[in-house]
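> please work out how this folds:
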Amino acid sequence: MTDNELKELVAGLAVSNAELVLMSKETNAKFAETEAQMKRTDATLERMGITLGNHTNNSGSITEEYFYNSLKAKPVLGGVRYDRVDRNIKGIIPKVEDEFDIVMYNGDSIALIECKSKAHETDLRKLIDNKANNFRTLFPDYKDYKIYLGLASFSFYDELKEMAKEKGIAILKNTGDLPEIEADNLQAY
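Numbering: from 1, shown residues only. As a prediction, this is how the structure comes out:
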């Protein structure tokens, strides 16, 4: 290799190296810009999650408040009159923990009302499969009481209403000023 060829090779390598350094700086700047955008997106998503969680909690509270006030004013479910109506009853013992949105009491019956702003089949299943047994376990003073179940919601789909009726679960929905209660097939659990 001649001196001139060597000089051209070194000059070419220097230019390539300078181009690589420039490209590296541009890439680093793009990475920094992307990282800053990702941090802004993360912060926005976190705020949205908090807002959505608050909205969900507020919606649930509104649903519970509506049905609690309605049942407190007229404490009757499926023709059974109740003496007392409570809300947000919590029970905790080893291996069992549960919360009951609305509980209605009289001398021999308990009504457990689960409140959802929009009811789903999973809500009905949890109500049937867990709530009565958990209540008896958590509150043994009521173990011999008849327990009736109800699902209260501002929104039901027809198939869910039919499933609830087949299982003897009361359906509580709002129809204006007072809730409409369908409890023709109510059965004790």
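
> just the strands in this protein please.
Along the chain, counting by DSSP state E, strands occupy 76-77, 80-81, 84-93, 96-105, 109-116, 146-153, 170-174, 179-182.

> can you redo those strands as CSV with mean neighbour count?
For the C-beta atoms, the positions are set from N, CA and C on the backbone; glycine is no exception. Listed next are the strands of the chain as CSV, based on neighbours: other C-beta atoms under 10 Å:
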stretch, mean neighbour count
strand 76-77, 18
strand 80-81, 14
strand 84-93, 13
strand 96-105, 18
strand 109-116, 23
strand 146-153, 23
strand 170-174, 21
strand 179-182, 16
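
> looking at this protein, which helix or strand is least sure?
Scoring the helices and strands of the chain by mean pLDDT, DSSP states H and E places helix 3-73 at the bottom, with a mean of 70.

> ok, now how distant is Thr27 from Arg40?
In this view, Thr27 and Arg40 are 20 Å apart by C-beta to C-beta, to the nearest Å.

> same check, this time on Cys115
Here the criterion is C-beta to C-beta. By it, Cys115 lies 37 Å from Arg40.

> with Asp101 instead?
Separation of Asp101 from Arg40 (C-beta to C-beta) stands at 39 Å.

> with Val80 instead?
Separation of Val80 from Arg40 (C-beta to C-beta): 56 Å.

> same check, this time on Asp83
Using C-beta to C-beta, we find Asp83 at a distance of 56 Å from Arg40.

> ditto for Ala119
According to C-beta to C-beta, Ala119 and Arg40 sit 37 Å apart.

> okay, the two: which has more neighbours?
Neighbours were counted for Ala119 and for Arg40 using other C-beta atoms under 10 Å; Ala119 has more, 25 against 10.

> residues in contact with the more buried one?
Taking C-beta atoms under 8 Å, 6 or more residues apart in numbering, we find Ala119 in contact with 151, 153, 155-156, 160.

> so which pair among the residues you listed is furthest apart in space?
Greatest spacing in the contacts of Ala119, by C-beta to C-beta: Leu151 and Ser155 (11.3 Å).

> start to end distance for stretch 154-171?
End-to-end distance of stretch 154-171: 10 Å, with C-alpha to C-alpha, to the nearest Å as the criterion.

> tell me how far that stretch lies from the chain's centre.
19 Å (C-alpha atoms, centre = their mean, to the nearest Å).

> for it, which positions count as buried?
For stretch 154-171, the neighbour count (16 or more other C-beta atoms under 10 Å) marks 154, 156, 160-161, 163-165, 167-171 as buried.

> same check, this time on stretch 133-141
Neighbour-count burial for stretch 133-141 flags 134-136, 138-139 (criterion: 16+ other C-beta under 10 Å).
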